[in-house]
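Undergrad: predicted model, plus sequence, below.
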Amino acid sequence: MENRRDMLPQPVRKGCRDRSAWMIQRERLGLDYLPPAGREAVPAGEVIMDFCRKLETSTDFAVLLDIQNHWADVAGLALARHVWPARLERQTLTLCVENSVWLSEMARMEGPRILKRLQSRAGAAKKTVKKLRLVVDAAMVRRNRPER
């Protein structure tokens, strides 16, 4: 019976133009089969930038960015100092509030008003935001607090 090595195809790798060089490399690495050269190595920065570009084109990310950019107009400056839109997933906008007092205020009074304002705005937010979710996260609110 033939040896397994003889049965496998032996392509010439891109980097090894000479078949003997390819055979030496295969023996040196101890491989039965050296697969054909795939894609060239890509710097990690390029992979990350490609991922970020794809993320920016997703509708949820674009709508969230639009809401964050106009948050003081939508919520009002007083409320924008204590509440921040942090995430948009599955038509639910997650709002980070500064403390439990603002959580109660948003749940009772301001939450439904904000949702109506978002849905009445022109653009993708009208169709995208259907529900609000409230989370207490003071650090997130402080980081994104608008200046006076």
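TA: Alright, I've got the coordinates.
Undergrad: from now on I want contacts and neighbour counts done on CA atoms only, so please keep to that.
TA: Fine.
Undergrad: so where's this structure uncertain?
TA: 1-18, 31-40, 54-59, 124, 148 (pLDDT under 70).
Undergrad: and with 50 instead?
TA: Applying pLDDT under 50 to the chain flags residues 1, 7, 12.
Undergrad: in it, which spans are helices?
TA: 4-7, 19-29, 44-57, 59-69, 71-75, 77-80, 100-105, 111-120, 125-128, 138-143 (DSSP state H).
Undergrad: in CSV: the ones you listed, plus mean neighbour count and distance to residue 87.
TA: Converted to CSV, those look like this (neighbours: other Cα atoms under 10 Å; distance: least, Cα to Cα, whole Å):
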stretch, mean neighbour count, distance to residue 87
helix 4-7, 10, 55
helix 19-29, 13, 48
helix 44-57, 11, 13
helix 59-69, 17, 7
helix 71-75, 18, 13
helix 77-80, 16, 15
helix 100-105, 15, 16
helix 111-120, 16, 14
helix 125-128, 18, 12
helix 138-143, 15, 11
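Undergrad: which of those sits closest to residue 89?
TA: helix 59-69 (6.8 Å; Cα to Cα).
Undergrad: to the chain's geometric centre, what's the distance from that closest one?
TA: How far helix 59-69 lies from its chain's middle: 12 Å, per Cα atoms, centre = their mean, to the nearest Å.
Undergrad: which secondary structure elements does that helix contact?
TA: When contacts are defined as 3 or more Cα pairs under 8 Å, 6 or more residues apart in numbering; DSSP states H and E, helix 59-69 sits against strand 83-89, helix 125-128.
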